[in-house]
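Enquirer: sequence unavailable; structure follows:
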């Protein structure tokens, strides 16, 4: 079998420079000519087995360091170029391998700069939150992607959109859905817009949840979707067709800075409209009040999912209404926040939502169970929170199930009329939380993941606290 040639010139050069040797000095130590070493460093000659063994014995080099470093470095570079700001810059992995093999020093530098950038971005975000809590305006935010702009804008505004609610109410009156909303939506799409709805098997739509074919005027839905999600897709399509100008006007009222951000917001408002069609405002409000905002009962009453019923509760915040100002957030296993919303805007300053002690994160250990907490913040504020896992589209055998968790909450005083309040009164339901580890000054927190920005670390060799990040009081 032919011996695999090892071209490791940049790594040999890095080794030589780290030892402070000239090419002549290293060549003498290896028993080769300086010109031959020069060819090796330029990847014009491979390393022979004899040279590898000599490098190992003379300079105490790990052979794996010379043979396998590029692969690991390519993986780290892949993390860098997976960032949305660099998406599409590298078409494939081969170029990353070439960079890691041909210029490992530059590649290591890129990785270090990227990680420093991510760390500084996180620190600036936390510092901006801290200043905002104290009433200071700041322009510390870095470059934002369109998705970031839409999320940050909508998170700070009420989830109640009167124009969309009025348009949805008018369309609902025309549907006469009764107990068969799915049938009414299909009929309306067919008779008013000439669109037929079909559900396709996984092999026909392996990576899509929905697709609208303008040529055949058919709306295809994936069989992976639950019945409630299929209804939402039809309601969303009908909303865009029936009162698209109303949705467009709502988008324009937010003055987004790019067409891409407007497109993303349009999709978000279309989902709002779909929920308004599936759960008409007055009927849902009446049922919510009678059930004391029991999300499971509401989901059963309107034949929707837990997530859809929870989202609709957040949308009920009509100015002057007598509905608790609910807010919600959704996260995945890794703690990535997928979305936030609130009847009065998500309460960033008071609740934060990034504390690892929230039941949002504990819900993954108890799939399908509802967890109720009374969350007490450092400033004395109290919130009622309800958390539960959500299942994504159906996964085939061998595929990993998508599972997220949702938290819906309200300030404690406003949540007294909910069915969950009694459970939250129990001593075991009390949770001393914070807005985020970097902004929280609770001493001895077992769940602390980062030191606070506002206190120096307590580096005392004689005393160690419970937290992994002790700090001075």
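Expert: It's in. As the structure is a prediction and not an experimental result, all values here were calculated from the model. Numbers count the residues shown, from 1 in each chain.

Enquirer: C-alpha from now on. contacts and neighbour counts both.
Expert: Fine.

Enquirer: and the strands in the stretch 101-250 of the chain?
Expert: For the stretch 101-250 of the chain, the strands defined by DSSP state E, counting those that start in this stretch occupy 196-200, 210-213, 218-222.

Enquirer: deepest-packed of the ones you listed, please.
Expert: Ranked by mean neighbour count, the strands of the stretch 101-250 of the chain are led by strand 218-222 with a mean of 22 (mean count of other Cα atoms under 10 Å).

Enquirer: tell me the angle it makes with strand 196-200.
Expert: Computed with axes from the mean of the first three to the mean of the last three Cα atoms, to 10 degrees, the direction of strand 218-222 lies at 30 degrees from that of strand 196-200.

Enquirer: now do strand 218-222: which elements does it pack against?
Expert: In this structure, strand 218-222 packs against strand 196-200, strand 210-213, with contacts taken as 3 or more Cα pairs under 8 Å, 6 or more residues apart in numbering; DSSP states H and E.

Enquirer: possible to save these as a markdown table with mean pLDDT and distance to residue 318?
Expert: Output for these, formatted as a markdown table (pLDDT from 0 to 100; distance: least, Cα to Cα, whole Å):
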| stretch | mean pLDDT | distance to residue 318 |
| --- | --- | --- |
| strand 196-200 | 96 | 34 |
| strand 210-213 | 93 | 32 |
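
Enquirer: between those strands, which one is nearest to residue 56?
Expert: Taking Cα to Cα as the criterion, strand 210-213 is the member of these that comes nearest to residue 56, at 58.0 Å.

Enquirer: okay, now the sheet partners of the closest one, with direction.
Expert: For strand 210-213, the paired strands and their directions (DSSP bridges) are strand 218-222 (antiparallel).

Enquirer: picking that back up, mind putting the strands of the stretch 101-250 of the chain into a markdown table with distance to residue 231?
Expert: What follows is the strands of the stretch 101-250 of the chain, written out as a markdown table (distance: least, Cα to Cα, whole Å):
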| stretch | distance to residue 231 |
| --- | --- |
| strand 196-200 | 11 |
| strand 210-213 | 12 |
| strand 218-222 | 10 |
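
Enquirer: picking up where we left off before, figure out which of the helices and strands packed on strand 218-222 is closest to residue 12.
Expert: Counting by Cα to Cα, residue 12 lies closest to strand 210-213 out of these; the figure is 53.0 Å.

Enquirer: which parts of the stretch 351-473 of the chain are helices?
Expert: 359-362, 421-425 (DSSP state H, counting those that start in this stretch).

Enquirer: list the buried residues in the last one.
Expert: Think helix 421-425. Across helix 421-425, burial judged by 16 or more other Cα atoms under 10 Å covers 421, 424.

Enquirer: chain center to whichever strand or helix holds residue 288, what's the gap?
Expert: Here residue 288 sits within helix 281-290, counting by DSSP states H and E. From the chain centre to the centre of helix 281-290 is a distance of 31 Å (Cα atoms, centre = their mean, to the nearest Å).

Enquirer: mind listing what's buried along it?
Expert: Applying a neighbour-count criterion of 16+ other Cα under 10 Å, one finds 281, 284, 285, 287, 288 buried in helix 281-290.

Enquirer: what does stretch 28-42 give?
Expert: 30, 34, 37, 38, 40, 41, 42.

Enquirer: endpoints of that stretch, how far apart?
Expert: Stretch 28-42 has an end-to-end distance of 18 Å (criterion: Cα to Cα, to the nearest Å).

Enquirer: neighbouring contacts of it?
Expert: Contacts of stretch 28-42 from elsewhere in the structure, counted by Cα atoms under 8 Å, 6 or more residues apart in numbering, are 7-13, 23-24, 26-27, 45-47, 51, 54-55, 58.

Enquirer: looking at those residues, which are in helices?
Expert: Secondary structure of the contacts of stretch 28-42 is defined by DSSP state H; positions in helices are 9-13, 23-24, 26-27, 51, 54-55, 58.

Enquirer: ok, and the most crowded of these?
Expert: The member of those surrounded by the most neighbours (other Cα atoms under 10 Å) is residue 9, with 24 neighbours in all.

Enquirer: distance of that one relative to residue 377?
Expert: With distances taken as Cα to Cα, residue 9 is found 57 Å from residue 377.

Enquirer: same question, residue 191
Expert: Relative to residue 377, residue 191 is positioned 54 Å away (Cα to Cα).

Enquirer: just to revisit the earlier point, in JSON lines, list the buried residues of helix 281-290 along with pLDDT.
Expert: As requested, the buried residues of helix 281-290 are exported to JSON lines (pLDDT from 0 to 100):
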{"residue": "281", "pLDDT": "94"}
{"residue": "284", "pLDDT": "96"}
{"residue": "285", "pLDDT": "95"}
{"residue": "287", "pLDDT": "96"}
{"residue": "288", "pLDDT": "96"}
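
Enquirer: can you show me the helices along the stretch 151-300 of the chain?
Expert: 162-175, 181-193, 227-252, 259-278, 281-290, 295-302.

Enquirer: now do the fifth one against helix 259-278, angle only.
Expert: Okay, so that is helix 281-290. Here the directions of helix 281-290 and helix 259-278 differ by 70 degrees (the same axes, to 10 degrees).

Enquirer: let me know the closest of the buried residues of stretch 28-42 to residue 166.
Expert: Minimum separation from residue 166 among those (Cα to Cα) is found for residue 42, which lies at 70.4 Å.

Enquirer: before we move on, back to that, now, which of the buried residues of stretch 28-42 sits nearest residue 355?
Expert: The shortest approach to residue 355 among the buried residues of stretch 28-42 belongs to residue 41, at 50.5 Å (Cα to Cα).

Enquirer: if I look at the closest one, how far off is residue 54?
Expert: 16 Å.

Enquirer: confidence score at the nearest residue to residue 465 once chain neighbours are set aside?
Expert: Sequence neighbours aside, residue 444 is the residue nearest to residue 465 in space, at 6.4 Å (criterion: Cα to Cα, 6 or more residues apart in numbering). At residue 444, the model reports a pLDDT of 80.

Enquirer: count the residues that sit near residue 444.
Expert: Residue 444 has 14 neighbouring residues, counting by other Cα under 10 Å.

Enquirer: got a list of what it touches?
Expert: By Cα under 8 Å, 6+ apart, the residues touching residue 444 are 465, 466, 467, 470.

Enquirer: next one: residue 27
Expert: When the contact criterion is Cα under 8 Å, 6+ apart, the partners of residue 27 are 33, 34, 37.

Enquirer: and of the ones in helices among the contacts of stretch 28-42, the nearest to residue 296?
Expert: residue 11 (60.6 Å).

Enquirer: in this structure the closest one contacts residue 104, no?
Expert: Yes: here residue 11 reaches residue 104: they are 7.0 Å apart, a contact under Cα atoms under 8 Å.

Enquirer: and residue 393, how far is that from residue 317?
Expert: Per Cα to Cα, residue 393 is found 29 Å from residue 317.

Enquirer: who has more neighbours out of the two?
Expert: The residue with more neighbours, out of residue 393 and residue 317, is residue 317; 23 against 15, by other Cα under 10 Å.

Enquirer: that one contacts residue 157, doesn't it?
Expert: No: Residue 317 lies out of contact with residue 157 (Cα under 8 Å); the separation is 11.1 Å.
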